[in-house]
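Asks: Fold the following for me, if possible:
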Amino acid sequence: MFRISVDCMGGDNGLSVTLPAALNFIKKNNNVSVILVGNPELLEKELNKHSFDPNFISIVESSEVVLMDEQPVLALRRKKKSSMRIAINLVKDQLAHGVVSAGNTGALMAISKFVLGTLDGIDRPAIASFLPNSKGAACMLDLGANVDSTPENLYQFAIMGSCLYANQFSKDKPSVGLLNIGSEKIKGNETLKLAVDYLSNSNLNFYGNVEGDDIFYGKTDVVVCDGFAGNVSLKTAEGVAFMIKDFLKKEFSSSIRGKIASMLIYPELVKFKRKIDPRVYNGAALIGLNGVVFKSHGNTDILGFESALDKAYKAIKNKLNDKIKTLVLTEVKNSNVQ
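Replies: Model prediction:
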């Protein structure tokens, strides 16, 4: 049976979201259990509100919480008894196969990197997540862990992103694009030009450069970029999605005709909403670590946190890290990258 440790105290909503989501998750999956890390008294009090199979639940005590605005270096040094640190320690001690937290992103990366280390052949871990597009979804990385990245880093991100996409969608040789200001090879700074050379001479299914709009056209399965460009792209996409939702809501409620129209197309609106619902895509992999670590959005609800648990479970079940290590070794052995 697989085991996932859950930082129950992390995030903006803490136990009110993480615990119900964990209980929903184990009801849908009969070969995985969750280790709830947090204040035992508060956990027991919340558990009493729900029905669950105790065989799939265990509690590990923590006495501290990493705050959402806490400096990562301080959380690493001072919060050794926090729910986040203990949940990660369980992975290191092989008592859990992976960890999910909605807590402070910087602290989660810093602590995870310190406790777990990185996979062989990977210099820097990255933050990877999925964005909706016209063909389904694209895996994009890095989304903020590395503001500056070398061509070698971008090449490694491409390897990890390919594995993550294949892991979550069961697709061999997913296509990889490098985010740039134009599709031509001559576009971009020296880092991007060198990264194109690395990727072109690799055994990855490299498409070439892609532009920002190509992410949402679904031109490639994986989009690789540094953490600065990735984070800006992600936040821009979130803002546009919110704007569209807000526009539709205002237009359909502004008149009787609009209200009637919304009722007539309600089933289609529900489908549309689900396609761009950030909760469905919630759950970013802190990829490249020597352990499975997934980050949930701090302000998500029960459905969103459950999505993060689902993605972590897939990564564990489908042996994501083993496949990354294998592909790294294969690339080193067979590629023409100098």
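Asks: List the residues that contact the residue nearest to residue 274 when sequence neighbours are not counted.
Replies: The shortest distance from residue 274 to any non-neighbouring residue, by C-beta to C-beta, 6 or more residues apart in numbering, is to residue 280 (6.4 Å). Quick note: C-beta positions are derived from backbone N, CA and C, even for glycine. By C-beta atoms under 8 Å, 6 or more residues apart in numbering, the contact set of residue 280 is 274, 303, 307.
Asks: and with 10 Å instead?
Replies: Residues near residue 280 by C-beta atoms under 10 Å, 6 or more residues apart in numbering: 130, 132, 137, 273-274, 303-304, 307, 310.
Asks: Any stretches of this structure with poor pLDDT?
Replies: 332-338 (pLDDT under 70).
Asks: who's the spatially most central residue of it bridged to?
Replies: Centroid-nearest residue in the chain: residue 284, 0.8 Å away (criterion: C-alpha atoms, centre = their mean). Residue 284 forms beta bridges with residue 295, as assigned by DSSP bridges.
Asks: same thing with residue 140?
Replies: Under the criterion used (DSSP bridges), residue 140 bridges to residue 129, residue 223.
Asks: in the stretch 101-250 of the chain, which spans are strands?
Replies: All strands of the stretch 101-250 of the chain, identified by DSSP state E, counting those that start in this stretch, fall at 126-133, 136-141, 175-179, 205-210, 222-224.
Asks: any idea of the angle the fourth one forms with strand 136-141?
Replies: Computed by axes from the mean of the first three to the mean of the last three C-alpha atoms, to 10 degrees, the angle separating strand 205-210 from strand 136-141 equals 80 degrees.
Asks: ok, now the longest one?
Replies: What separates the directions of strand 126-133 and strand 136-141 is an angle of 160 degrees, with the same axes, to 10 degrees.
Asks: quick one, domains of this structure?
Replies: With domains defined by automatic domain parsing, the chain comprises 1-116, 119-286+319-338.
Asks: Can you tell me which of these is most buried?
Replies: Mean neighbour count (mean count of other C-beta atoms under 10 Å) peaks for domain 1-116 among the domains of the chain, with a mean of 19.
Asks: Tell me how far the residue nearest to residue 274 lies from residue 311.
Replies: Going from residue 280 to residue 311 by C-beta to C-beta, to the nearest Å gives 11 Å.
Asks: and for the two, which residues touch both?
Replies: With C-beta under 10 Å, 6+ apart, residue 280 and residue 311 have common neighbours residue 130.
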